[in-house]
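Participant: with the sequence up front, the predicted model follows.
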Amino acid sequence: MVAGTWAGFGLGGWWGAPAGLLAAAGTIMLTVRTTIRLRDLYRDDSWDNVVIGDGRAEGAAEMTLWGALQYQAVAFPLSPGSISDEEREVRRKVAYQTAAHDKLPLAVRMAAAEALEVMDQGQDRTAANEVIKALSHAVRECRTGYVRFNKGEAS
């Protein structure tokens, strides 16, 4: 408020000092009011009704798809003999670990188990592509893609 008074005095002399004081007081009051309103809005219970899905489950599903795709790439390489046994085993281990994640939705877990079983056999590339498509569809289905308000109304 002293700065407002000083600025008012500098701009308008003795008549500007009270105007600067009032402007500074108004600015301080507006800042305090805005802060209180924002705090009340932040603490309001209506924010609890906005649900944006389960990010952990969606992330686990995406990682499962990624692991299965990596394993498919080494189970059915484009050029024979280009993948070492160690790399194949590491990618298989990663695919199985991501498919066993606790937060994984059941549909994704089942599709991943089927995909990994087909790729473990390593004989039919077409069947492997089909189970990867099914896994991809299961992962897509677990994504929310929308925001729900009031615990029931879809946007």
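Facilitator: It's in. Residues are numbered from 1 along each chain as shown.
Participant: then stretch 98-111 to PDB, C-alphas only?
Facilitator: What follows is stretch 98-111, C-alpha atoms only, in PDB (Å, rounded to 0.1, in the frame of the first residue of the first chain):
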ATOM      1  CA  THR A  98       4.200 -57.400 -18.500                       C
ATOM      2  CA  ALA A  99       1.400 -59.800 -19.100                       C
ATOM      3  CA  ALA A 100       1.400 -60.800 -15.400                       C
ATOM      4  CA  HIS A 101       1.100 -57.200 -14.100                       C
ATOM      5  CA  ASP A 102      -1.300 -56.900 -11.200                       C
ATOM      6  CA  LYS A 103      -3.200 -53.800 -12.500                       C
ATOM      7  CA  LEU A 104      -3.900 -55.400 -15.900                       C
ATOM      8  CA  PRO A 105      -7.600 -55.800 -16.800                       C
ATOM      9  CA  LEU A 106      -8.700 -59.400 -17.100                       C
ATOM     10  CA  ALA A 107      -9.600 -59.200 -20.800                       C
ATOM     11  CA  VAL A 108      -6.200 -57.900 -21.700                       C
ATOM     12  CA  ARG A 109      -4.500 -60.500 -19.500                       C
ATOM     13  CA  MET A 110      -6.400 -63.300 -21.200                       C
ATOM     14  CA  ALA A 111      -5.700 -62.000 -24.700                       C
END
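Participant: got the contact list for it?
Facilitator: 54, 56-57, 60-61, 63-64, 66-68, 112-113, 116, 131, 134-135, 137-139, 141-142 (Cβ atoms under 8 Å, 6 or more residues apart in numbering). For glycine as for every other residue, the C-beta is placed from the backbone atoms N, C-alpha and C.
Participant: one more time with 10 Å
Facilitator: Residues from elsewhere that reach stretch 98-111 (Cβ atoms under 10 Å, 6 or more residues apart in numbering): 54-68, 70-71, 112-113, 115-116, 131-142.
Participant: now it: mean pLDDT?
Facilitator: Across stretch 98-111, pLDDT averages out at 89.
Participant: and it, what's buried?
Facilitator: Across stretch 98-111, burial judged by 16 or more other Cβ atoms under 10 Å covers 98, 99, 101, 104, 105, 107, 108, 109, 111.
Participant: just send those residues back as a markdown table, with secondary structure and distance to residue 88 too.
Facilitator: Below are those laid out as a markdown table (DSSP: H, G, I helix; E, B strand; the rest coil; distance: Cβ to Cβ, whole Å):
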| residue | secondary structure | distance to residue 88 |
| --- | --- | --- |
| 98 | helix | 16 |
| 99 | helix | 16 |
| 101 | coil | 21 |
| 104 | coil | 23 |
| 105 | coil | 28 |
| 107 | helix | 27 |
| 108 | helix | 23 |
| 109 | helix | 23 |
| 111 | helix | 22 |
